[in-house]
Structures are given as structure tokens and as C-alpha cells.
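J.: The following comprises the amino acid sequence and a computationally predicted model.
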Amino acid sequence: MANIHDYLDLRGDITLEERPFNVVDGLILSVLSYVDFTGIVPSEGEGPVTVSYACEALLDRAGGDVSPYVRSLAKIDGRYLRLLGASKRFGQALVRDYADVFDHDRDLQFAALTIEIPGGLRFVSFRGTDNSLVGWREDFMLSFEVTEAQRLAAEYLLRQARRADAEGVRLMVGGHSKGGNLASFSAVLLPDELRHVIERVYSNDGPLMAPEVVPLSCHDVYGERFVRIVPTYSVVGMLFDNPDEPKTIVRSVGDGALQHDPTTWQVHADRLDEAEDLLPQCKLVNAIFDKWMRGANLADRELFTRQVFDAFEAGGATTFDEVMGNPAGTQRVLAALRDADPRTKELLGELVQVAAGETWDATVAAVASATRAALSVVGAMLPQRRLVGESDADELGDGEKSAPPDGSASEDASL
């Protein structure tokens with residue numbers, strides 16, 4: 001099986017002049033913004049550095065462990081940075097205009113960077129959600145308002161589009177998770193006279209936009225230039241789904257909601273390993289959210305977000321790791337959730353029954369069980385740390401094999 005690490009390993013010596021930019025390249029650059037390049041990649045107006053330099057400098061700074069510099073639960077590691085920096089495909093590309101803003105008081109988490117690649121193209125990469133409760137609260141806020149991160153993304157892309165237009169180059173825009181939403185939102189908000197500079201918009205398992213908040217979808221504006229990708233178990237990327245709009249479903253070696261991690265997605269030499277449909281349990285979870293969303297106005301969604309995340313923070317946590325790792329704090333979280341609005345509790349209960357096979361009342365009866373169940377409220381929407389097949393990817397074969405009937409990754413996603 002092959003993921004983006006294997007792609008860089010086996011295809012990194014092929015230049016973009018030899019093989020043009022493809023959807024796997026889009027995924028690779030979409031996740032690059034998850035890396036904290038503070039002090040390495042210059043801010044806007046300060047000039048570029050090469051991708052090779054940025055990756056090597058980060059690896060030197062990390063001293064063998066890059067995890068503190070990866071602002072994501074996705075398994076982006078030192079191998080990704082080494083292979084990307086050493087590749088002929090992207091190593092000498094220029095990376096610039098790094099932005100990174102975090103403000104707890106404003107419920108704001110935003111980051112972006114721009115990569116200049118051969119052929120008169122630039123790729124604007126927006127960071128998805130990190131492990132902070134602020135970042136995930138902001139994700140839920142997408143359901144009822146335009147967020148601070150969306151505003152910053154729109155301003156960032158507008159500056160990039162104006163410069164691209166003046167210099168005669170074209171832009172690709174992408175991101176994973178919330179980053180995919182930021183890519184879509186910012187592209188939709190571009191003025192009509194600048195939309196021609198957009199070559200592609202990549203949303204990798206990113207939530208779509210609530211039509212009550214943003215009436216136009218990215219597909220409405222860009223048609224086939226909007227590339228939407230979801231794994232076979234997708235909850236985040238199916239929020240506000242319009243079944244009439246096209247999407248690509250990719251196979252993954254992740255287990256359930258762990259498929260949100262883009263490093264679990266399976267790829268070929270120039271395309272994704274596609275599946276025909278979402279997995280049945282994923283459809284069940286999505287149906288619960290769809291039913292709730294249809295009956296929830298913007299005020300209901302705001303109340304749900306406030307109650308759930310205020311409860312998570314009631315135990316003193318600032319990240320999901322701290323919520324899960326503090327038993328005393330977890331009891332305060334559960335107490336706060338028990339006092340939630342009946343409609344909020346109803347949604348939590350339905351999700352608990354799917355994720356844990358228990359009712360809400362039975363779940364809160366035991367702290368250990370309740371911890372897992374309460375966190376499954378957003379657990380179905382979050383990437384986690386554990387993956388199926390934690391070992392390195394199997395050696396790739398040359399032949400194609402048929403896909404298993406459950407829509408999970410096939411035995412071979414050859415490069």
C-alpha cells in the first residue's frame with residue numbers, strides 16, 4: 001500500500017516538467033502548512049526560501065523529533081520533511097509568506113504559506129485544525145457564522161491573487177480539514193475579476209459551508225476546478241454535503257474516524273486509490289448529524305458549540321490530549337455535559353450509541369466509559385493518534401488488485 005510518504009520516496013525524483021502536477025501533489029502541499037515554520041519561512045513581504053532549506057532547518061531545530069512542530073493530529077513526521085526537501089519535484093520550489101495566528105480570546109487559529117512551483121504556478125496552503133480546543137471550537141463555529149480564520153484566509157488569498165494577477169501566474173489553493181474549508185471559502189470570496197487566476201481549489205476532507213451563512217458553494221463558482229476529496233469514513237468532510245456536487249472518495253488504512261488523517265490515504269503514481277462509496281457506519285453517523293442540522297437553526301448550533309466546548313474547558317484543558325489525560329478534569333466535563341440543553345444532549349446521546357453502543361444515561365454511569373463516550377461526541381469528527389497498521393507501508397507491488405467490498409484500502413495502491 002502507498003501513502004504520500006511512499007509517493008515522495010518513489011516519485012520524488014521525477015520533476016514537474018517530466019510529470020505534471022496532480023492530485024497527490026495537491027495533497028502533499030495541502031498538509032505542508034501543518035508544520036510550524038516560525039522563524040524559518042519568512043512572513044509576507046520578506047522574500048522566499050527553498051522548500052529544501054525550510055525542511056532541513058526544521059529537522060535541525062527538532063533534533064530528531066518533529067512532533068512538537070506539527071500542528072495536527074495527522075502523522076506527519078520527519079520522513080515526510082526529509083523526502084519532500086530532498087525531492088526533485090519540490091525541493092527547489094520556493095516557500096514564502098508564512099502566517100501563523102493563535103488567539104484564545106478571539107477563538108482564532110489560523111496559518112498559511114505559499115509555495116512557488118515550476119510552470120508559473122503557486123500553491124496557497126491553509127492549515128487545518130490543530131489539537132487545541134480553540135481550534136476545534138472554531139471548526140464548529142463554521143456551522144453558524146463566518147469565523148475569524150475564514151476572514152484571515154480570505155484576506156490572505158486576496159493578496160496572493162492580486163500579486164498573481166499582476167505577475168501573470170496562476171494559483172492553486174488547498175488545505176486539509178478546516179484548511180480545506182478555508183481554501184473553499186477564500187476562493188469563493190475572491191472578486192469576479194480575480195477568479196480567473198485560480199487553477200484548482202483542493203478541499204481534502206474539509207467541511208463545506210453552511211448555506212445559511214455562505215449561500216454560494218465553491219463548486220457553484222469554480223465547477224470542475226474545485227476538487228473535493230473525502231476518505232471512505234468521512235464525517236468532517238461530509239458536513240453540509242450536497243450530494244449533487246462531485247467528490248472523490250479515497251481508500252484509507254485508517255480505522256473509522258482515523259481515516260481523517262491524510263497520511264492514511266492510499267495513492268497511485270498520479271492519482272488517488274478511489275472507492276465507490278462511504279462505509280455504512282460512516283453513513284449512519286452522517287445521518288445523525290444531517291438530521292440534527294436540518295432541525296437546528298443558527299442559534300441551536302451556536303448553543304451546542306458553546307455547551308460542548310465550555311464543558312471541555314471546564315476541566316482546565318486547553319487541548320484534547322489534556323481532556324483525555326486528566327481524570328479529575330474529565331469528571332467536571334461530564335458534569336457540565338449532563339447539564340446541557342436537552343437538544344444538545346439528544347445529539348450527544350445518539351452519537352454515543354453509534355460510537356459506544358450505549359445510551360447516554362448508561363454511559364454517564366461510569367467515569368471510564370463516559371470519558372470515551374463523551375469524547376466520541378467529537379471523536380467521530382476528529383483525527384486520532386492510533387492507526388491500523390502502525391508499521392511502515394508494505395512494499396508495493398506492480399499489479400492492480402480489486403477493491404475489497406467494504407470500501408477500505410485495497411491490497412495494492414501501486415506507484
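T.: Now that the structure is in, tell me what you want to look at.
J.: in this structure, which residue is closest to the centre?
T.: residue 177 (2.1 Å; Cα atoms, centre = their mean).
J.: That one: what's it in contact with?
T.: Applying Cβ atoms under 8 Å, 6 or more residues apart in numbering to residue 177 gives the contacts 72, 128, 129, 139, 204, 205, 206, 207, 236, 260, 383. In short, each C-beta sits where N, CA and C put it, glycine included.
J.: one more time with 7 Å
T.: 128, 129, 205, 206, 236, 260 (Cβ atoms under 7 Å, 6 or more residues apart in numbering).
J.: buried ones in stretch 338-350?
T.: By 16 or more other Cβ atoms under 10 Å, the buried positions in stretch 338-350 come out as 340, 344, 345, 347, 348, 349, 350.
J.: Same question for stretch 106-124.
T.: 107-117, 121-124.
J.: ditto for stretch 6-24
T.: Buried, per 16+ other Cβ under 10 Å, within stretch 6-24: 6, 7, 8, 9, 11, 12, 16, 21, 22, 23, 24.
J.: swap in stretch 158-169?
T.: 160, 161, 163, 164, 169.
J.: How about stretch 302-311?
T.: Neighbour-count burial for stretch 302-311 [16+ other Cβ under 10 Å]: 302, 303, 304, 305, 306, 307, 308, 309, 311.
J.: among these, which are in strands?
T.: In strands, judged by DSSP state E, none of the buried residues of stretch 302-311 are found.
J.: As JSON lines, those with pLDDT would be great.
T.: JSON lines is the format used below for the buried residues of stretch 302-311 (pLDDT from 0 to 100):
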{"residue": "302", "pLDDT": "87"}
{"residue": "303", "pLDDT": "87"}
{"residue": "304", "pLDDT": "83"}
{"residue": "305", "pLDDT": "82"}
{"residue": "306", "pLDDT": "84"}
{"residue": "307", "pLDDT": "84"}
{"residue": "308", "pLDDT": "80"}
{"residue": "309", "pLDDT": "82"}
{"residue": "311", "pLDDT": "81"}
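J.: what residue ranges in the stretch 251-400 of the chain score low on pLDDT?
T.: The stretch 251-400 of the chain contains residues with pLDDT under 70 at 320-321, 323-330, 351-400.
J.: Where is the longest helix in this structure?
T.: helix 148-167 (DSSP state H).
J.: Now the two most distant members of the contacts of residue 177.
T.: 129 and 205 (11.3 Å; Cβ to Cβ).
J.: Alright, that wraps it up for me.
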